[in-house]
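**Student:** any chance you can model this:
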Amino acid sequence: MSLFTPHGLKIRYDEYALEKVIEPLKKSTDFNDLLMDVELWELLPIAMAEVAAIIMAFITGDWLFTLVFWVIGLLIGGALREITYSDLLRRIFPLFLGSGPIVIVATIVCGVYLGLRGEYLTIIVLIALWFLCKIEAIITSISLAPLIYFMGKACMNTHVERAFITLCNKKARKLGIVLDWGLYENKENVT
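**Tutor:** Next up, the predicted model:
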């Protein structure tokens with residue numbers, strides 16, 4: 001059975017085999033906070049895309065630049081999420097600038113500003129991109145499914161599992177705990 005975060009994000013490790021490794025960490029800290037950090041890291045591309053679109057719409061007022069920078073933010077966020085984990089980026093984008101309330105307020109302020117300038121098409125594009133971000137997971141899953149599948153087969157870990165391991169190790173170091181990942185020796189448990 002796999003491990004799931006509080007909002008249902010699947011971490012493809014056998015929960016029972018993983019228990020041996022993370023037991024010291026679970027005793028020393030609130031483990032749900034760590035799982036929430038994994039969920040936030042998953043939202044990095046969406047947050048970067050929303051922030052890039054709002055900034056570009058505000059600066060240029062051009063719908064095409066807004067759309068292009070939304071795509072660029074989505075691609076850079078997706079690439080960063082696949083390659084590495086950064087606590088700083090997690091805090092800046094999904095936790096702060098790309099969080100729901102801030103994005104909604106920034107979009108409304110930007111929409112009013114653009115409305116006063118007569119850039120109605122940019123307002124429509126900005127709102128459409130906001131809605132599109134809400135279904136980004138579906139789009140990403142469909143368009144990147146073959147790449148994610150083959151990357152997962154090659155390295156046995158997706159970005160979710162890599163972020164989970166990185167966060168566990170980081171939290172353990174902070175608490176002075178050593179996690180023995182050798183206890184999770186049976187790689188057949190990864191589903």
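**Student:** from now on I want contacts and neighbour counts done on CA atoms only, so please keep to that.
**Tutor:** Noted.
**Student:** can I assume Glu39 is in contact with Leu9?
**Tutor:** Yes - using Cα atoms under 8 Å, Glu39 is in contact with Leu9, at 6.8 Å.
**Student:** ok, the two, which is more surrounded?
**Tutor:** Glu39 (22 against 15; other Cα atoms under 10 Å).
**Student:** and the strand or helix carrying the more buried one, what does it pack onto?
**Tutor:** Using DSSP states H and E, Glu39 sits within helix 31-42. With contacts taken as 3 or more Cα pairs under 8 Å, 6 or more residues apart in numbering; DSSP states H and E, helix 31-42 sits against helix 87-90, helix 159-175.
**Student:** only C-alpha atoms, please: export that helix in PDB.
**Tutor:** Only the C-alpha atoms of helix 31-42 are listed here, as PDB (Å, rounded to 0.1, in the frame of the first residue of the first chain):
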ATOM      1  CA  PHE A  31       4.900  14.300  10.000                       C
ATOM      2  CA  ASN A  32       1.800  15.800   8.300                       C
ATOM      3  CA  ASP A  33       3.800  19.100   7.900                       C
ATOM      4  CA  LEU A  34       6.400  17.200   5.900                       C
ATOM      5  CA  LEU A  35       3.700  15.700   3.700                       C
ATOM      6  CA  MET A  36       2.100  19.100   3.200                       C
ATOM      7  CA  ASP A  37       5.500  20.400   2.000                       C
ATOM      8  CA  VAL A  38       5.600  17.600  -0.600                       C
ATOM      9  CA  GLU A  39       2.100  18.700  -1.800                       C
ATOM     10  CA  LEU A  40       3.300  22.300  -2.000                       C
ATOM     11  CA  TRP A  41       6.300  21.300  -4.100                       C
ATOM     12  CA  GLU A  42       3.900  19.600  -6.500                       C
END
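**Student:** what residues sit buried inside that helix?
**Tutor:** Buried residues in helix 31-42, counted by 16 or more other Cα atoms under 10 Å: Phe31, Leu34, Leu35, Asp37, Val38, Glu39, Leu40, Trp41, Glu42.
**Student:** ok, now stretch 95-113?
**Tutor:** Leu95, Leu97, Gly98, Ser99, Val103, Ala106, Thr107, Ile108, Cys110, Gly111, Tyr113.
**Student:** between those, which sits nearest Ser2?
**Tutor:** Ser2 has its nearest neighbour among the buried residues of stretch 95-113 in Leu95, at 25.6 Å by Cα to Cα.
**Student:** list the contacts of the closest residue to the closest one other than its chain neighbours.
**Tutor:** What sits nearest to Leu95 in space, not counting adjacent residues and going by Cα to Cα, 6 or more residues apart in numbering, is Leu40, at 6.8 Å. Counting by Cα atoms under 8 Å, 6 or more residues apart in numbering, Leu40 makes contact with Arg90, Pro94, Leu95.
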